[in-house]
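> Provided below for reference: sequence and predicted model.
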Amino acid sequence: HSKLWKEIFCSGPLRPVFTKQPGSIVFPLHLNEPSREVTFSCEAQGHPPPSYRWKMNDSFIPPQPGSRYSISGGNLRISQLNKEEDAGIYQCLASNSFGTILSREASLHIAYLEEFKTQRRSPVSVREGQGVVLLCGPPAHMGELTFSWIFNEYPSFVKQDTRRFVSQKTGNLYIAKVEPSDVGNYTCVVTNTVTQSRVQGPPTPLVLRSDGIMGEYEPKIEIQFPDVLAVAKGLTVKLECFALGNPVPSITWRRPDGVPFPRKVDVNKSSGVLEIPYFQQEDAGAFECMAENSRGKNTVKGRLSFYAPPHLVEKPQDVQKAIDESLLWECKASAKPKPSYRWLKNGEPLESFEDRIQVVNGALSISSLTLSDTGMYQCIAENRHGRVFANTELRVIAVAPDFSNSVLKAQTLARQGGDVLIECRPRMSPRGMISWRKGKEALRESHRVSVLDNGSLRISNITKLDAGLYTCVARNQFGVASSAGTLVVKEPTIITSKATQLDVTVGESVVIPCQVSRDPTLDVRFTWFFNEQLINFGSHGGYFEKVGGASAGDIMIRNIQLRHAGRYTCAVQTKVDSASIATDVVVRGPPDPPLDIKVDEVTETTSFVSWSPGPDNHSPVFAYNIQIRSPFSLGWQAAKTVPASLGGQQLSARVVELSPWVEYEFRVLATNSVGTGEPSKPSQKIRTKDTLPRTTPARVSGGGGSRSELVITWEPVPEELQCGPGFGYVVAFRPLGGQSWMQAAVTSPDASRYIFKNESIPPFSPFHVKVGVYNNKGEGPFGSVTTIYSAEEEPSRAPSRVRAKSLSASEVEVSWKPLPWSTSRTRIMGYELRYWSTKDRPDTASVMRTVGNRTSAVIRGLDPSSTYYIKLKAYNSAGVGPDSAVVNVTTKRPPPSQSPVKVMWNATDSKLILKWDHVKALENESEVMGYKVMYKQSRQSRPSVVETNSTSLELSLPVDEDYIIQIKPVSEGGEGSSSKQITIPRIAVAHAIGFAPERRALPVLVTLSLYCTVRTFL
């Protein structure tokens, strides 16, 4: 039995299964073609290999030698096709020892087109203005046809328009109103779209009668569609409608219910054709064609009905059943009209005379299955528009119990006090009896121990005594089999931590415990959830960290935030059981921002602000603060309110001391014991009301300008202090001692000066000046009175007694006799010197200005041995005066370029003696007049200077520190080049001598060529 079972369940596909099924064929038959042969494909797999049979129109095709029908493999070949005998419905059947399956049905259509039978047609005589129908009468044919008409000779075809129409249903030519130009011969041309063959009928002459012209008459519809036309789902349907009449009728289409046509519908008014592509259920219904001219109208109606051949939506599936079991197969198809169902077994009608076999609405049920029920079954769903087949297999199996693919688990773990289910699922057919043993003893059922209907063993409230070896024994009429496994009982896992609620503050760290007691032989796994979502440690911004080690599942939340408030669940799991504990964490933090900030009751300097409280985050709000912002403030500023202090229950306040006519935003902050929360969203911007200006310009001053001008300046009033639109300034002024004020308005709020020009204004005369403000509300106050002088005159005289003296090779001193510092018409602010050398032009002269009533100045940065020309003039705010006389001066020769060399020094503990060689000036240099010796201690920043006319110098210096010394020559051309820097070290002995190198050496302590002598004084 075990071998048989493995054959059934482990081998490859045995029943026949189609891999290729026949498809419908339309064969184009040409009358002169010698080869007329078609082949239907059919191929199936199975073991043993299947054999094939074919049906035509539900009758088997008998295999006969020399027949036109031959089967090769599974393919059916039909030779010497006969259009009367071979057209029909074909179906392939594939069979082996497991049963027979049926392919889908395939149709064979043989398309052809014969010649017209008659050769001549009688003339058609009509009156002008009359309508006419020329009949085509196509010959015998199979396959779709198209029609056209030749007028007189090929290739002159009749063009269709509102007057002429060629029906693609009948082939007839319709002329709604005959005109003289229509006279001629008409030939019907028929084309088979499958065979692509074409035939022409005999010509039909059209002639005019001579008994007058036809009068006008109402339309007469000649082409009309059927009362009911069935259309298959997805097809394209074309409805034709054409009428004769004089005048030529117009054709319109509509639906009687008034529903407009969908976009896909094509209405060709000129040809009288209504086309509906991809026909669906919603396209069905009534249609109406109306022909109309000036003499009347006529209509025809018809209905399109929707149909669909069956399409399987629920197919029966292959099943394996045991003897005596029951079978229920559902088979459902969609179709219009509704399909009927039949069942076949191995291609033959299923005999349902037995009570145990029932077919109801396509569902097949068989009770008390026997081995003879094994086979291939076919469900057929059909209506008058087609049918479909579904193949399925039923295997009825009889096998002894077998555990080879479902042995009991070798070891089943269970916890003490828990429940366990030991499954026993042997393969056997029919279903037999299952019993259990513990050890060698038969297992007795009790309130804790029970054998389920499917044979599995359930033990409840497990104890240590339940551990042991359990054996499942299965029996049926074909044999006995058993399988065994061990039940191991473990200590239960218990969470020892208590469920609590933790109360923490934002920023703190908290540990949530999860301690367990468990069986030491089992591994334990801890999983944490936050508000039922798994915590992924290592993400979440690093807030969560496991701190419990291997035996505990504690977690720490570092720097806890408000969003971490919620329920934390610790889930503990071992191989035998699981447990969980939940801890609620309440996080106290600063309040959330207040909500719904509203501002109203706005005046010039106040507004009323109200708000709604936001969540307090578990700590009551005890204070609110209002902040304001305007375009002129540096960010948000604290607002002054009434009341001044806003408690936690205060949800409104009046903001005071606002500036008039300024746009403000408001926001509110809440504070609790934890801290101050984030500010609310800013309110909508509001503008305070305008009022009279109050602030006057600051720093009113002036003076200067051109002759006859009074220049008045001030610092503009900031926009936030202008108190309203239309802001400007009122400038008032009067001569010192005068009684009446003159006033002028300055309309620009950004203006900072006003100039009053009048030829009568005396130069440099004092005026009282004050500046006021105004806006659209009216005038504000004036500022304090300030004295300002009118513009003065330029100096009218030049300085006298100008002298120039060379001080060095690069400096010249210029002196002069000053002008009076101030008169009634002018004042002197300083002097402007212009100087240039003989190689420069006067217009490129350098300029230097003095400030104040000075009488001399030194010009520096000049070239040595050069002649310079100098002139000067006085200046004030009005301009400059006339030039003085030009003087010239020659700078001295440059100082010596050579520096002192061979510098030697001799040091004791209280004296320092320096000697050096005399510096000789070059021919173009100033003679040396003396020397400057500069010395300093190494820690000092500024040196001391001693001048001498000789080449030696004795300094009384305590030599207890390092000294830095430099020497430079002095001449009338200035100071020459300095010697190298000399460092004299602190003397630790009684006497030392040294000299400086002539080239730069180490910068701190000169050691090259340095020598010392030491003497002992007794």
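Thanks, I have it.

> average pLDDT for stretch 432-446?
Stretch 432-446 carries an average pLDDT of 91.

> what do you get for stretch 517-537?
On average, stretch 517-537 scores 90.

> That one: end-to-end distance?
One end of stretch 517-537 sits 24 Å from the other (C-alpha to C-alpha, to the nearest Å).

> Over to stretch 403-419?
24 Å.

> Just the residues contacting that stretch, thanks.
2, 6, 420, 422-427, 458-464, 466, 470, 472, 474, 481-493, 519, 574-577 (C-beta atoms under 8 Å, 6 or more residues apart in numbering). From N, CA and C alone the C-beta is placed, and that goes for glycine too.

> Make a ChimeraX selection of whichever of these turn out to be buried.
Listed next is the ChimeraX selection for buried residues among these, using 16 or more other C-beta atoms under 10 Å:
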select :420,422,424,425,426,427,459,462,466,470,472,474,481,482,483,485,487,489,490,491,492,493,519,574,575,576,577
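
> Tell me the spacing between the closest residue to residue 436 other than its chain neighbours and residue 480.
Nearest non-adjacent residue to residue 436, counting by C-beta to C-beta, 6 or more residues apart in numbering: residue 443, 4.1 Å away. Relative to residue 480, residue 443 is positioned 17 Å away (C-beta to C-beta, to the nearest Å).

> More neighbours: which of those two?
residue 443 (17 against 13; other C-beta atoms under 10 Å).

> Ramachandran angles for that one?
The phi/psi pair for residue 443 (degrees, to the nearest 10) reads phi -90, psi 130.

> Spell out which residues sit in contact with it, please.
Taking C-beta under 8 Å, 6+ apart, one finds 435-437, 449, 457, 470 in contact with residue 443.

> Just the helices from this protein, written as ranges.
2-10 (DSSP state H).

> Just checking, which helix or strand of it averages the lowest pLDDT?
Sorted by mean pLDDT, DSSP states H and E, the helices and strands of the chain end with helix 2-10, the least confident at a mean of 41.

> Residue 938 contacts residue 965, correct?
No. Residue 938 is not in contact with residue 965 according to C-beta atoms under 8 Å; the separation is 10.9 Å.

> Please enumerate the shared neighbours of these two.
residue 983.

> Have a look at these two and say which one is more surrounded.
Between residue 938 and residue 965, counting by other C-beta under 10 Å, residue 965 is the more crowded of the two (22 against 14).

> Report the separation between that one and residue 945.
11 Å.

> overlap in contacts of those two?
Joint contacts of residue 965 and residue 945 (C-beta under 8 Å, 6+ apart) are 933-934.

> Compute the number of surrounding residues for the closest residue in space to residue 319 that isn't next to it in sequence.
Spatially, and ignoring its direct neighbours in sequence, residue 319 is nearest to residue 394 (6.0 Å; C-beta to C-beta, 6+ apart). For residue 394, the neighbour count with other C-beta under 10 Å is 22.

> The one 4 residues further on too?
By the criterion of other C-beta under 10 Å, residue 398 has 17 neighbours.

> so what pLDDT did it get?
85.

> got a list of what it touches?
322-323, 371, 429-430, 478.

> rerun at 7 Å
For residue 398, the contact set (C-beta atoms under 7 Å, 6 or more residues apart in numbering) comprises 323, 371, 429-430, 478.

> got it, and residue 124?
With C-beta under 7 Å, 6+ apart, residue 124 has these contacts: 132, 134, 204-206.

> what are the bridge partners for it, then?
residue 206 (DSSP bridges).

> Low-confidence ranges, this structure, go.
Across the chain, the ranges flagged by pLDDT under 70 are 1-13, 31, 34, 269-271, 352-353, 540, 549-551, 824, 959-960, 987-1018.

> hey, which strand is longest across it?
If you go by DSSP state E, the chain has its longest strand at strand 296-314.

> about what we covered before: now a ChimeraX select for only the buried ones of the contacts of residue 124.
Entered in ChimeraX, the line below selects the buried ones among those, by 16+ other C-beta under 10 Å:
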select :132,134,204,206
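
> Could you dump the contacts of residue 443 into a markdown table with distance to residue 524 added?
Formatted as a markdown table, those follow (distance: C-beta to C-beta, whole Å):
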| residue | distance to residue 524 |
| --- | --- |
| 435 | 37 |
| 436 | 32 |
| 437 | 34 |
| 449 | 29 |
| 457 | 27 |
| 470 | 27 |
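
> List buried members of those residues by neighbour count.
Going by neighbour count (16+ other C-beta under 10 Å), the contacts of residue 443 have 436, 457, 470 buried.

> Mind checking which of those residues land in strands?
436, 457, 470.

> Tabulate those (JSON lines), appending distance to residue 307.
Converted to JSON lines, these look like this (distance: C-beta to C-beta, whole Å):
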{"residue": "436", "distance to residue 307": "62"}
{"residue": "457", "distance to residue 307": "59"}
{"residue": "470", "distance to residue 307": "64"}
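
> Looking at the residues you listed, which is nearest residue 907?
Residue 907 lies nearest to residue 470 out of these, by C-beta to C-beta, at 113.8 Å.

> picking that back up, state the distance from the residue nearest to residue 319 to residue 322.
From residue 394 to residue 322 the distance is 12 Å (C-beta to C-beta).

> do residue 85 as well
50 Å.

> next one: residue 100
Residue 100 is 24 Å from residue 322, by C-beta to C-beta.

> quick one, which of the two is more surrounded?
Taking neighbours as other C-beta under 10 Å, residue 100 and residue 322 compare with residue 100 leading, 23 against 18.

> thinking the more buried one is in contact with residue 377, fair?
No. Counting by C-beta atoms under 7 Å, residue 100 stays clear of residue 377, with 9.8 Å between them.

> Around residue 677, how many other residues sit close by?
Residue 677, neighbours per other C-beta under 10 Å, totals 22.

> Kind regards, and thank you for your time.
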